[in-house]
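Chemist: Mind folding the following:
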Amino acid sequence: MPIKADLENIQIENKSFYYRIFDINNHVPNHKYQKWHYHPEIELVFISNGEGKRQVGLHLSNYRDGDLVLIGPNVPHTGFTDSFDKERKEVVIQFKENFLGNSLSKVFEFKKIQKLLEMSKQGIVFFGKTKKNVGISMLGLQYESRFQKLITLLKILETLSDSKEYEILNNNKYFSKNIIENERINKVFNYVKQNYKDRVSIKEASELIHMTEPSFCRYFKKHTEKTFTEFVNEYRINNALKLLAQTEIDIKNICYECGYNNFSHFNRLFKKTVKITPSDYRKKIMSSNDDIFL
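Modeler: Predicted coordinates:
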């Protein structure tokens, strides 16, 4: 049975925000929040190196060479780091929207930060010099006093609010102020996540949230701006991208591993989505550092 997004309880006591570094010596294998989860706190995650998958709201994509993601309150997501090595660290900062009391809305100098935190409700990924410089600041927090940590966090948020090096991950329609309103979509997402390697059907998805198939199709398109079939194909192709980039699995086996039972059909969908064939994609990954993930 598909499960709903889990609520993560974050303990922020006697401080303004939660801060932790995970690395090869300090992490919990198979951490439960690799699962689909949410929390009322805003989350900023920096991954210093390596490849992985982003699953933020309805956005599905892969990253290379680390990542920097800002996730707003109650936005469902999964963990970003599957494994660690000597070069890979994950820095997590979590804080409530009102971590400065009423200052964000009262102090003029905080207006840009307030706008940034509002945008974070759609999920934001940062790149370029912004990712590099903010990542350095986030790693450096471990050596600072509690007061200096707060000042540095404000500087980080100011840098992010000024940056042009970012991408919004989701459209506005998916996110409402009430997480319960999204629970139907969350159930559908989990259904796809758990069954994409095998059979995924509109009939089963619609029955899961107690809708007729026509009503479900209209509902899903309204809230995601894509059809259910498009969403399933996007999820499968993104998993194919990860396997092509990070494994040596034969392309035909990747086709079947991602839920396609027709290799020609898989090739056509892949080329339509990524603009090159799976074999050419793998060759380009092997010979280039260009980030061509979805």
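
Chemist: and Glu234, how far is that from Tyr143?
Modeler: Distance from Glu234 to Tyr143, counting by C-beta to C-beta, to the nearest Å: 41 Å. C-beta coordinates here come from the backbone N, C-alpha and C atoms, glycine included.

Chemist: List of residues touching stretch 136-145?
Modeler: Residues outside stretch 136-145 that contact it (C-beta atoms under 8 Å, 6 or more residues apart in numbering): 19, 21, 44, 46, 48, 89, 91, 93, 149, 152-153, 155-156, 159.

Chemist: Over to stretch 217-234?
Modeler: Contacts for stretch 217-234 (C-beta under 8 Å, 6+ apart): 58, 60, 171, 173-174, 184-185, 188, 192, 196, 200, 202, 205-206, 211, 216, 259, 269, 273, 294.

Chemist: Quote the end-to-end distance of it.
Modeler: Using C-alpha to C-alpha, to the nearest Å, the end-to-end distance of stretch 217-234 comes out at 16 Å.

Chemist: now stretch 133-146
Modeler: 21 Å.

Chemist: got the buried residues for it?
Modeler: Under the neighbour-count criterion of 16 or more other C-beta atoms under 10 Å, stretch 133-146 has Val134, Gly135, Ser137, Met138, Leu141 buried.

Chemist: In helices, which of those fall?
Modeler: Applying DSSP state H to those, the entries found in helices are Val134, Gly135, Ser137, Met138.

Chemist: The first one contacts Leu157, correct?
Modeler: Translated: Val134. No - taking C-beta atoms under 8 Å as the definition, Val134 is not a contact partner of Leu157, at 9.5 Å.

Chemist: Confirm that Leu60 sits in a helix.
Modeler: No - counting by DSSP: H, G, I helix; E, B strand; the rest coil, Leu60 is located in no helix; its state is strand.

Chemist: Using neighbour counts, trim the contacts of stretch 217-234 to the buried set.
Modeler: 58, 60, 174, 184-185, 188, 192, 196, 200, 202, 205-206, 211, 216, 259, 269, 273.

Chemist: centre of the chain versus stretch 98-108, how much separation?
Modeler: 27 Å (C-alpha atoms, centre = their mean, to the nearest Å).

Chemist: heads up, I number from 2, so please use that
Modeler: Sure, I'll start numbering at 2, so the last one becomes stretch 99-109.

Chemist: show me the contacts for Met120.
Modeler: Contacts for Met120 (C-beta under 8 Å, 6+ apart) come out as Gly73, Ile169.

Chemist: so where does it fall, helix or strand?
Modeler: Using DSSP states H and E, Met120 sits in helix 112-120.

Chemist: Name the residues of that helix that come out as buried.
Modeler: Ile114, Gln115, Leu117, Leu118, Met120.
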